[in-house]
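K.L.:
dropping the sequence and predicted coords here.
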Amino acid sequence: MNIESRVEFAAEPDQVFTMLTDQGYLEEVCRASHALEFEASSTGNDTTASRKLPAPDSARKFVGSTLTVVEKVHWEQPSDDGSRRGDVDMTVPGQPVTLKGFYQLYAGGRGSVLTLTGDLKVNVPLLGKKLEESAAPAVLAGFKTQQAVGDDWLAAH
C-alpha cells in the first residue's frame, strides 16, 4: 500500500535536518507517540528509534496488546539547493510488517517541507491488504507527530 504524507516546519532545511537527527528530538517524538518504552539514537546521518506501543484495536488479535516499531533512517548529503533525502526502513520485529520508503526535506511551505513516500506491506495471506489499510492511519499519525514535536523543538532551540 502506498503511503504519502507531508509536514511543514518554520525553519530552513539545515535547521530541520539538525533537529531530525538530534537524539533529544527523537526521544520527544517517541514520548509524544505514547510509547510505553523507547530507545532512540543518532550517529551522523543515521537515526534509529525503537518504540513499544499499544497495538491498534484492529491488530490486537494478531499481535497482542503491544507491538514494537523500529524506524531507521539514513540521510544522504545535501543537494546543492540544500534539500536532502532520507531512506526510511520501518519494521515490526516478529511481525510481517514493513515500510520501505524515503523522506524528502526541502525549502518550501513555512520554511521547510518534509514528505514521506513509502510502501507499507503486511505479508499475511488473504488479510494483508485489510491489515495494511488498518495500519496506515497509525503510520501516518506517527509521521504527523513529528510536526507538533518539531514546532516545539524549533521554538525552544
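P.N.:
Now that the structure is in, tell me what you want to look at.

K.L.:
quick check: buried residues in the helix or strand containing Glu8?
P.N.:
Per DSSP states H and E: Glu8 is located in strand 2-9. Using 16 or more other C-beta atoms under 10 Å as the test for burial, strand 2-9 gives Ile3, Ser5, Val7, Glu8, Phe9. C-betas here are computed from N, CA, C, even on glycine.

K.L.:
next, the contact list for the closest residue in space to Gly142 that isn't next to it in sequence, please.
P.N.:
In space, and not counting its chain neighbours, Gly142 is closest to Ser33: 5.6 Å by C-beta to C-beta, 6 or more residues apart in numbering. Counting by C-beta atoms under 8 Å, 6 or more residues apart in numbering, Ser33 touches Arg51, Leu53, Gly142, Thr145.

K.L.:
could you list the residues in contact with whichever helix or strand comes after the strand holding Glu8?
P.N.:
Proceeding C-terminally, strand 2-9 gives way to helix 13-20 as the next helix or strand, assigned by DSSP H and E. Around helix 13-20, the neighbours that count as contacts under C-beta under 8 Å, 6+ apart are 9, 11, 25, 47, 73, 75, 78, 82-84, 86, 103, 105-107, 111-112, 114, 146, 150, 153-154, 157.

K.L.:
distance between stretch 11-20 and the chain's centre?
P.N.:
Distance of stretch 11-20 from the chain centroid (C-alpha atoms, centre = their mean, to the nearest Å) equals 16 Å.

K.L.:
tell me the mean pLDDT over that stretch?
P.N.:
In this model, stretch 11-20 carries a mean pLDDT of 97.

K.L.:
when you give positions from now on, start the count at 172
P.N.:
All set: I'll call the first residue 172, so the last point we hit is now stretch 182-191.

K.L.:
ok, back up a step: which among the buried residues of strand 173-180 gets closest to Pro267?
P.N.:
Proximity of the buried residues of strand 173-180 to Pro267 (C-beta to C-beta) peaks at Ile174, which lies at 16.7 Å.

K.L.:
quick check: beta-bridge partners of the closest one?
P.N.:
Beta-bridge partners for Ile174, by DSSP bridges, are Gly289.
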